[in-house]
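In: all I have is the shape, not the residue letters:
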């Protein structure tokens, strides 16, 4: 019996995968680690950082030839998220398309996220 591939906790758009590859090539080694933290006027903020090695409980995600890691404590807040990279005449930035996000502040720096719950 063939094993079914487990769904990815987070996916990357082509633009995000290309940008992560570029950033990590300039850095030389390690991983991009994605998580959330308490803060901002809406309650939470997405965080991205470089790590040499994932922590023991971090979730490793490979998509479109890129491997990132998710903070273990952020996993339920990030399930189903697509990480995108957007370039406009005014900015270039990563964008989180998170189905668990219920609100965002006016400046767009913080969000309200409800963790995934079992039905």
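Out: That came through, no problem. Please read these numbers as outputs of a predicted model, since none were measured by experiment.

In: just the buried residues of the helix or strand containing residue 26, please?
Out: Take DSSP states H and E as the rule and residue 26 turns out to sit in helix 14-27. Of the residues in helix 14-27, those buried under the neighbour-count criterion (16 or more other CB atoms under 10 Å) are 15, 16, 17, 19, 20, 24. For every residue, glycine as well, the C-beta is placed using N, CA and C.

In: who are the packing partners of it?
Out: On a contact count with 3 or more CB pairs under 8 Å, 6 or more residues apart in numbering; DSSP states H and E, helix 14-27 meets strand 31-38, strand 66-70, strand 81-87.

In: centre-most residue in the protein?
Out: Geometric centre of the chain, nearest residue: residue 34, 4.7 Å, by CA atoms, centre = their mean.

In: residue 86: which of the buried residues of helix 14-27 is nearest?
Out: Of all those, the one sitting nearest residue 86 is residue 15; the distance, using CB to CB, is 7.3 Å.
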